[in-house]
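Enquirer: Next come a sequence and a model predicted from it.
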Amino acid sequence: MFFQGLLESLTTLSPTILLGTCLAGIFLIINIRVLYNIFFHPLARYPGPISWTSNAIPYQIALLKGTTHLHSARLHKKYGPVVRVSPNELSYITAQAWADIYGRRHPKQLQKHPDIISGPSGGVYGLANTPNDQDHSRMRRLMAPGFSEKAVRAQENIFRDHIGRLIAKIRDNEGNGTIDLTLFLHATTFDIITDSMFGESANTLETGTDWMSLTMPLARGRIVNTVASSYSTRIIPILRRLLPGMVPNAAIQFFQNTVIALDRRLTKPSCDDGRPDILQHVLPYLDKPNGLTLPELQTTLRSLMIAGSETSASILTSAHYFVLSNPRVYERLLSEIRCQFASDRDITGTSVNRCKYLVAVLEETMRIWPAIAISLPRITPPEGCEIDGLWVPGGIKVGVNQWAAYSSDCNFARPNEFLPERWLEEGKEEFANDIRAAFQPFSTGPRNCLGMNFARTETRTIFAYLLFDFEMELLTSHEEWDAQKVFIMWSRCSLRVKARQVTR
């Protein structure tokens, strides 16, 4: 009778009063939620701005604008080594947090947060996105031999071949006045990873295909999905219908080409010309007990195509920018490389490691402009766990923000200056208090970057070749560079340079 009477009284209200009552009710619910997040939430004791801790909207706006790295650095500078950046998320910058969040834990490690795990491709997870630790261990064990130091050294001729094409491309465009080094480097690293995988290159450098323009919509789409799914997972199918153009047809074609290239590779017992490739180590275990299924391999290779090219290209592009912006560093680097090698044919994945200053420059590049400038979030177990000396309840999103960690004077002296000397013996005294364990550009723990050896060898070799063969002048402005956004990966600006081949 009570509810019937209430319903009858509501029907007698005017539409204006009824609408006002509904809005007031919604406003009350929102305010109750905000008050709960500020004062009664399990994370209420963690520091952070009220505008961010009370609701997720400011953080989500920063995600969509590509500015989370800047906001995170500012918040850590104000609030310290751990900051609550959203009602259910904590951001860290310490070495201990790296170990606690990403390291091997007992009884089990922290799981990847759903925000960073893309859905299974064709219903099947691969190495990068499987949420299952046992499946990840199995896939990684099978893929790892292809990325070992020995395997990378065996692919030296593949690197040399594509670096030769890059040098020829720059030489051919030398007379045009301006070269977009960003485009050339991304194309080269993509050609190298596809050749190393399948024994055949995608030839994007030759065709002029802008690989970045194909991958960036995927990254932006992932950010949109992350924000939308925080309100309702039912929104995602609607978005896919409303925004079919978010994934360009050319990107879809590239992924389809992965299947085609793999099918071709499966028909050959080994690579053409007897050259080793990554797949030769895993194909003997294809569709075998405790091996990889074909769909798992296809999904894994798609992610490796992007990660294996984007990271290296990002490091190389950034390294050229910072070196060309710092004449002192540039002159010292040129002197080291040109004194170390009589010919570019002397530059190998092994010999380049003797160039200590070049290695330090690339390390400093990854610190001051990390390829992954955001956190790779994990989720705390239902029972909660301790992170960086403080207890965190279950179901909380946690991560180390690389940009904030590396730009913090809590971890590095003079953090905003490009100083390769911090990685050398000569900088041992000045930078004695640098916390190097806080620097993990390839992450750490069981799910760290599988291709770390590959990326280091590739970037060092390409960088040495270009510095040996060309004199360069930077044309891209500092304002253009600093305006770049982060949507998981960097939304890259064109690195415009003048290049002149050195005559010997």
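Expert: Arrived safely.
Enquirer: quick one: contacts for residue 306?
Expert: Contacts of residue 306 were listed using C-beta atoms under 8 Å, 6 or more residues apart in numbering, and they are 215, 218. C-beta coordinates here come from the backbone N, C-alpha and C atoms, glycine included.
Enquirer: Now the phi/psi pair for it, please.
Expert: Main-chain torsions, residue 306, degrees, to the nearest 10: phi -80, psi -50.
Enquirer: measure it to residue 276 for me?
Expert: 22 Å (C-beta to C-beta, to the nearest Å).
Enquirer: just residue 337 next, same as before
Expert: For residue 337, the distance to residue 276 - C-beta to C-beta - is 28 Å.
Enquirer: any idea how this protein splits into domains?
Expert: The chain breaks down by the TED database into domains covering 1-40, 41-501.
Enquirer: Determine which stretch of the ones you listed is the most buried.
Expert: For those, the largest average neighbour count (mean count of other C-beta atoms under 10 Å) is found in domain 41-501, namely a mean of 18.
Enquirer: what's the first-to-last distance across it?
Expert: One end of domain 41-501 to the other measures 62 Å (C-alpha to C-alpha, to the nearest Å).
Enquirer: Relative to the whole chain's centre, how far out is it?
Expert: Offset of domain 41-501 from its chain centre (C-alpha atoms, centre = their mean, to the nearest Å): 4 Å.
Enquirer: give the contact list for residue 197.
Expert: Contacts of residue 197 (C-beta under 8 Å, 6+ apart): 261, 265, 277, 278, 279, 301, 304, 305.
Enquirer: For the first one, give me its contacts.
Expert: The reference is to residue 261. For residue 261, counting by C-beta under 8 Å, 6+ apart, the contacting residues are 194, 197, 198, 200.
Enquirer: one more time with 6 Å
Expert: Neighbouring residues of residue 261 by C-beta atoms under 6 Å, 6 or more residues apart in numbering: residue 198.
Enquirer: For my notes, confirm it occurs in a helix.
Expert: Yes - under DSSP: H, G, I helix; E, B strand; the rest coil, residue 261 falls within a helix.
Enquirer: where in the stretch 101-250 of the chain is pLDDT low?
Expert: For the stretch 101-250 of the chain, applying pLDDT under 70 flags the ranges 106-107, 116-123, 211-212, 232-250.
Enquirer: those strands in it, which residues are they?
Expert: Secondary structure of the stretch 101-250 of the chain, counting by DSSP state E, counting those that start in this stretch: strands at 111-112, 179-180.
Enquirer: about what we covered before: pick out the shakiest of the domains of the chain, pLDDT-wise.
Expert: Within the domains of the chain, confidence is poorest for domain 1-40, with a mean of 63 (mean pLDDT).
Enquirer: before we move on, back to that, identify those among the contacts of residue 197 that sit within helices.
Expert: Secondary structure defined by DSSP state H assigns 261, 265, 301, 304, 305 of the contacts of residue 197 to helices.
Enquirer: Pick the one among those residues closest to residue 358.
Expert: Ranked by distance to residue 358 (C-beta to C-beta), the ones in helices among the contacts of residue 197 are led by residue 304 at 26.0 Å.
Enquirer: distance of residue 99 from residue 209?
Expert: Here residue 99 is placed at a distance of 41 Å from residue 209 (C-beta to C-beta).
Enquirer: now swap in residue 318 and tell me
Expert: 22 Å.
Enquirer: do the same with residue 168
Expert: Here residue 168 is placed at a distance of 17 Å from residue 209 (C-beta to C-beta).
Enquirer: and what of residue 221?
Expert: 20 Å.
Enquirer: now swap in residue 382 and tell me
Expert: Per C-beta to C-beta, residue 382 is found 46 Å from residue 209.
Enquirer: got it, and residue 377?
Expert: 32 Å.
Enquirer: next one: residue 178
Expert: As judged by C-beta to C-beta, residue 178 and residue 209 stand 20 Å apart.
Enquirer: what sits against the closest residue in space to residue 165 that isn't next to it in sequence?
Expert: Among residues not flanking residue 165 along the chain, residue 205 sits closest, at 5.8 Å (C-beta to C-beta, 6 or more residues apart in numbering). Neighbouring residues of residue 205 by C-beta under 6 Å, 6+ apart: 165, 169, 187, 188, 191.
Enquirer: Show me what the helix or strand encompassing residue 85 is packed against.
Expert: Taking DSSP states H and E as the definition, residue 85 sits inside strand 82-86. If contacts are counted by 3 or more C-beta pairs under 6 Å, 6 or more residues apart in numbering; DSSP states H and E, strand 82-86 sits against strand 89-92.
Enquirer: ok, residues contacting the strand it packs on?
Expert: By C-beta under 6 Å, 6+ apart, the surrounding residues in contact with strand 89-92 are 72, 82, 83, 84, 85, 388, 397, 398, 400, 401.
Enquirer: Listing partners with orientation, what would you give for it?
Expert: When pairing is defined by DSSP bridges, strand 89-92 lines up against strand 82-86 (antiparallel), strand 397-400 (parallel).
Enquirer: Can you classify residue 437 by secondary structure?
Expert: Assigned by three-state DSSP, the conformation of residue 437 is helix.
Enquirer: Could you pull up the residues touching the residue lying closest to it once chain neighbours are set aside?
Expert: Among residues not flanking residue 437 along the chain, residue 95 sits closest, at 3.6 Å (C-beta to C-beta, 6+ apart). Counting by C-beta under 6 Å, 6+ apart, residue 95 touches 435, 437, 438.
Enquirer: Now the first one. Its backbone dihedrals?
Expert: Listed backbone geometry of residue 435 is phi -100, psi 90, with angles given as degrees, to the nearest 10.
Enquirer: Chain neighbours aside, what residue packs nearest to it?
Expert: Per C-beta to C-beta, 6+ apart, closest to residue 435 is residue 411, 4.6 Å.
Enquirer: in what helix or strand does the most centrally placed residue in the chain lie?
Expert: In the chain, the residue lying closest to the centroid (C-alpha atoms, centre = their mean) is residue 372, at 3.6 Å. Under the criterion of DSSP H and E, residue 372 resides outside all helices and strands.
Enquirer: The residue lying closest to residue 203 once chain neighbours are set aside: what's it in contact with?
Expert: Closest residue to residue 203 apart from its sequence neighbours, by C-beta to C-beta, 6+ apart: residue 191 at 6.3 Å. Counting by C-beta under 6 Å, 6+ apart, residue 191 touches 162, 201, 202, 204, 205.
Enquirer: ok, 7 Å please
Expert: Neighbour list for residue 191: 162, 201, 202, 203, 204, 205 [criterion: C-beta atoms under 7 Å, 6 or more residues apart in numbering].
Enquirer: Return the list of helices and strands in contact with the host helix or strand of residue 461.
Expert: Using DSSP H and E, residue 461 falls within helix 452-469. For helix 452-469, the packing partners by 3 or more C-beta pairs under 7 Å, 6 or more residues apart in numbering; DSSP states H and E come out as helix 149-154, helix 156-172, helix 181-198, helix 294-325, helix 327-340, helix 356-368.
Enquirer: what's the angle from it to helix 356-368?
Expert: The directions of helix 452-469 and helix 356-368 differ by 120 degrees, with axes from the mean of the first three to the mean of the last three C-alpha atoms, to 10 degrees as the criterion.
Enquirer: What angle do helix 181-198 and helix 452-469 make with each other?
Expert: Calculated by the same axes, to 10 degrees, helix 452-469 forms an angle of 130 degrees with helix 181-198.
Enquirer: immediately after helix 452-469, which helix or strand?
Expert: Per DSSP H and E, the helix or strand that comes after helix 452-469 is strand 470-474.
Enquirer: which residues touch residue 325?
Expert: Going by C-beta under 7 Å, 6+ apart, residue 325 touches residue 474.
Enquirer: So it versus residue 474, what's the distance?
Expert: Remark: distance between residue 325 and residue 474 (C-beta to C-beta) = 6 Å.
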